[in-house]
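[1] okay, structure incoming, though there's no sequence with it:
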């Protein structure tokens with residue numbers, strides 16, 4: 001009786017199959033990554049839409065936007081004021097001395113309810129493309145990805161000598177929807193103060209989360225519970241290689257490979273940054289959301305950060 005010898009794969013055939021599978025995976029992975037990034041970008045855009053809606057609801061209730069940051073940065077920011085409008089009523093009620101009614105304490109870093117808020121992550125304020133979410137930082141503060149518009153210069157805006165670029169490449173400070181405030185009640189602006197028009201002025205933009213290297217270097221980029229980390233300015237274009245200005249050297253963790261360059265400056269001036277290809281998502285004061293490319297001109301970006309420049313936006317917007 002003849003029995004046929006059972007045939008199997010030869011080594012060459014097996015290697016060919018493995019090579020074909022590897023090629024298919026290589027072709028598939030970029031497509032999967034593109035789909036994943038498109039979904040993350042859309043979610044990020046939706047987050048900014050939620051922020052815009054919350055801001056408009058706050059405006060309707062109080063006839064002003066929320067204050068930017070208060071009590072020398074220590075006693076609340078726009079993020080604290082907005083919590084009830086982001087379905088975080090219970091968390092909002094835990095925070096005391098919002099706006100620095102009683103001076104410096106309790107602050108965002110105090111034990112108790114204030115610290116609980118500072119250690120809370122609000123999903124609507126986190127972009128899925130952020131590579132550093134969940135990384136432990138000083139005191140376990142939770143970092144986020146959206147900051148509000150402090151204008152085209154620096155955090156304290158009108159103080160002489162603190163503009164990173166002076167007026168060399170664009171107009172000097174010309175208004176903003178948010179400001180630093182060390183007084184009580186804190187300064188807050190109404191839509192009527194936005195004379196350039198709500199559709200021509202930035203409300204908020206993306207910000208990358210900084211990374212702490214303890215004990216030598218702390219980090220507050222993305223720490224929206226603390227005033228200096230709660231705002232961005234349009235002193236430089238989105239995702240620029242130009243360094244963010246950090247007022248205190250030990251708060252600057254210069255991470256160029258992660259698109260987080262920084263240097264010590266006379267004030268805080270943080271650029272809009274993201275991990276999206278080619279630009280950043282922004283929210284406008286009219287509630288709309290747009291994607292701004294990195295190639296936008298410094299002048300146009302500066303004008304978008306201003307609320308009272310009375311100039312016509314260039315055609316690249």
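    Done, it's in. Note that the coordinates shown come from a computational prediction; the quantities given were computed from them, not determined experimentally.

[2] what packs against the host helix or strand of residue 283?
    Using DSSP states H and E, residue 283 sits within strand 279-284. Applying 3 or more Cβ pairs under 8 Å, 6 or more residues apart in numbering; DSSP states H and E, one finds that strand 279-284 makes contact with helix 11-62, strand 202-206, strand 289-293. Placement of C-beta: from N, CA and C, glycine included.

[3] give the rounded mean pLDDT of stretch 67-86.
    The average pLDDT for stretch 67-86 rounds to 94.

[4] for residue 99, what are its contacts?
    Residue 99 makes contacts with 67, 70, 71, 75, 76, 184, 185, 186, as judged by Cβ atoms under 8 Å, 6 or more residues apart in numbering.

[5] hmm, I typed the wrong one, I wanted residue 156.
    Residues in contact with residue 156 (Cβ under 8 Å, 6+ apart) are 162, 180, 267.

[6] export those residues to JSON lines and tack on neighbour count and pLDDT?
    Listed next are the contacts of residue 156 as JSON lines, based on neighbours: other Cβ atoms under 10 Å; pLDDT from 0 to 100:
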{"residue": "162", "neighbour count": "20", "pLDDT": "77"}
{"residue": "180", "neighbour count": "24", "pLDDT": "92"}
{"residue": "267", "neighbour count": "20", "pLDDT": "91"}
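
[7] so which of these comes closest to residue 18?
    The shortest gap between residue 18 and any of those belongs to residue 267, at 57.9 Å (Cβ to Cβ).

[8] distance-wise, check that closest one relative to residue 69.
    Distance of residue 267 to residue 69, computed by Cβ to Cβ, to the nearest Å: 13 Å.

[9] same thing with residue 281?
    Using Cβ to Cβ, residue 281 is found at 22 Å from residue 69.

[10] what ranges do the helices span in the protein?
    When assigned using DSSP state H, the helices of the chain occupy the ranges 11-62, 78-82, 89-94, 113-118, 298-304.

[11] what's the closest of these to residue 275?
    Nearest to residue 275 among the helices of the chain is helix 11-62 (8.4 Å), distances taken as Cβ to Cβ.

[12] average pLDDT across the closest one?
    Taken as a whole, helix 11-62 has a mean pLDDT of 82.

[13] cool, stretch 306-317 as well?
    86.

[14] now it: buried residues?
    Neighbour counts over stretch 306-317 (16 or more other Cβ atoms under 10 Å) mark 306, 307, 309, 313 as buried.

[15] grab the nearest non-local neighbour of residue 142.
    residue 121 (4.2 Å; Cβ to Cβ, 6 or more residues apart in numbering).

[16] can you name the residues that contact that neighbour?
    With Cβ under 8 Å, 6+ apart, residue 121 has these contacts: 133, 142, 144.

[17] how close does it get to residue 50?
    Counting by Cβ to Cβ, the gap from residue 121 to residue 50 is 15 Å.

[18] shaky segments in the stretch 151-300 of the chain?
    166-170, 214-216 (pLDDT under 70).

[19] change it to 80
    158, 160-171, 213-217 (pLDDT under 80).

[20] strands of the stretch 51-200 of the chain, start to end?
    69-70, 146-149, 180-181 (DSSP state E, counting those that start in this stretch).

[21] could I get the contacts of residue 121 as JSON lines with distance to residue 273, neighbour count and pLDDT?
    As requested, those are arranged in JSON lines below (distance: Cβ to Cβ, whole Å; neighbours: other Cβ atoms under 10 Å; pLDDT from 0 to 100):
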{"residue": "133", "distance to residue 273": "14", "neighbour count": "16", "pLDDT": "80"}
{"residue": "142", "distance to residue 273": "18", "neighbour count": "20", "pLDDT": "92"}
{"residue": "144", "distance to residue 273": "13", "neighbour count": "25", "pLDDT": "95"}
